[in-house]
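Asker: no sequence on this one, just coordinates:
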């Protein structure tokens, strides 16, 4: 008994080979794009963390500055000799703190704008 061998037509083999090559290319592209996306997420995350750390540090700096200004004011206030001097000191303190708070808000706003970019 002779066994007949079945030969796969060359067109079918060529088609299968092209299909495997296309699938390989598609998977390679998918993996490359996935790696790029993961890198972008990591980069964005690092940028966010850096910006957040800068904002927290800036916030602590502002808090320290405001606390020092308040203690300096309190120390000057207890040394006043009359209500007029105390009132003038209070007015000066309020003006300077308002200006300081505006500058601090501007600093934090600049950090937020940089983070948005």
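Answerer: Perfect, thanks for sending it. Everything numeric in this text was worked out from a predicted model, so none of it was measured. Numbers count the residues shown, from 1 in each chain.
Asker: Pull out the buried positions in the host helix or strand of residue 99.
Answerer: Secondary structure assignment for residue 99, by DSSP states H and E: helix 83-116. By 16 or more other Cβ atoms under 10 Å, the buried positions in helix 83-116 come out as 93, 104, 111. Yep, even glycine has a C-beta here, placed from its N, CA and C like the rest.
Asker: name the element the residue positioned nearest the centre of the chain belongs to?
Answerer: Nearest to the mean C-alpha position of the chain, by Cα atoms, centre = their mean, lies residue 48 at 1.6 Å. Using DSSP H and E, residue 48 sits within helix 10-78.
Asker: picking that back up, quick one: mean pLDDT over the helix holding residue 99.
Answerer: If you average the pLDDT over helix 83-116, you get 90.
Asker: rewinding a little: closest one to residue 3 out of the buried residues of helix 83-116, please.
Answerer: Nearest to residue 3, judged by Cβ to Cβ, of these is residue 111 at 79.6 Å.
Asker: Surely that closest one touches residue 50?
Answerer: No - the criterion here is Cβ atoms under 8 Å, and residue 111 misses it with residue 50 at 10.4 Å.
Asker: Return the list of helices and strands in contact with the helix holding residue 99.
Answerer: When contacts are defined as 3 or more Cβ pairs under 8 Å, 6 or more residues apart in numbering; DSSP states H and E, helix 83-116 sits against helix 10-78.
Asker: ok, residue 51 touching residue 113?
Answerer: No - Residue 51 is beyond contact range of residue 113, at 10.3 Å (criterion: Cβ under 8 Å).
Asker: Return the distance of residue 97 relative to residue 33.
Answerer: Distance, residue 97 to residue 33, using Cβ to Cβ, to the nearest Å: 52 Å.
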